[in-house]
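Q: Pasting the sequence and the predicted model now:
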Amino acid sequence: MSVTLDQIEFAIQTIKSLAEKLPDSVPEASKEDKIYQVLKLNREGDTIWETFNRCMDILIAEDTRDPTTGRLPYIRRGRHGIVKVAAYLALVADDKAMKPFYELMIISALHG
């Protein structure tokens, strides 16, 4: 499967659209929440892919799910939450070094 930048951008727009529909029961994110902290401060990794993959592992890896509810504990509404994730995805996708990893990026970002 060959994933294009257009498909990545479509996935990002889908995340943004879904973010607007999150219910009030999903907490509003702050700068102290995990999403903001990981995406703002995490620049580790030898390559952009390694950094991206590490961020996604911290935030939405299968082992972060609540075993009872199956929910991802770090998901939050708002600009410091899922909207920040979408912005991060757009920033990373725009880097030419990520092109060979588009398929993995889609899998990683959307599996959560």
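A: All right, it came through fine.
Q: Grab the most central residue of this protein for me.
A: residue 85 (4.2 Å; C-alpha atoms, centre = their mean).
Q: What's the separation between the nearest residue in space to residue 106 that is not next to it in sequence and residue 84?
A: In space, and not counting its chain neighbours, residue 106 is closest to residue 3: 5.5 Å by C-beta to C-beta, 6 or more residues apart in numbering. The C-beta positions use only the backbone N, C-alpha and C, and glycine is treated the same way. For residue 3, the distance to residue 84 (C-beta to C-beta, to the nearest Å) stands at 22 Å.
Q: between these two, who's got more neighbours?
A: Legend: neighbour count by other C-beta atoms under 10 Å for residue 3 and residue 84, higher for residue 84 (21 against 17).
Q: What score does the more buried one have for pLDDT?
A: With respect to pLDDT, residue 84 scores 94.
Q: Name the helix or strand for it, please.
A: Applying DSSP states H and E as the criterion places residue 84 in helix 82-93.
Q: same for that helix, what does it pack against?
A: Contact analysis of helix 82-93 by 3 or more C-beta pairs under 8 Å, 6 or more residues apart in numbering; DSSP states H and E lists helix 5-20, helix 34-41, helix 48-60, helix 102-110 as its packing neighbours.
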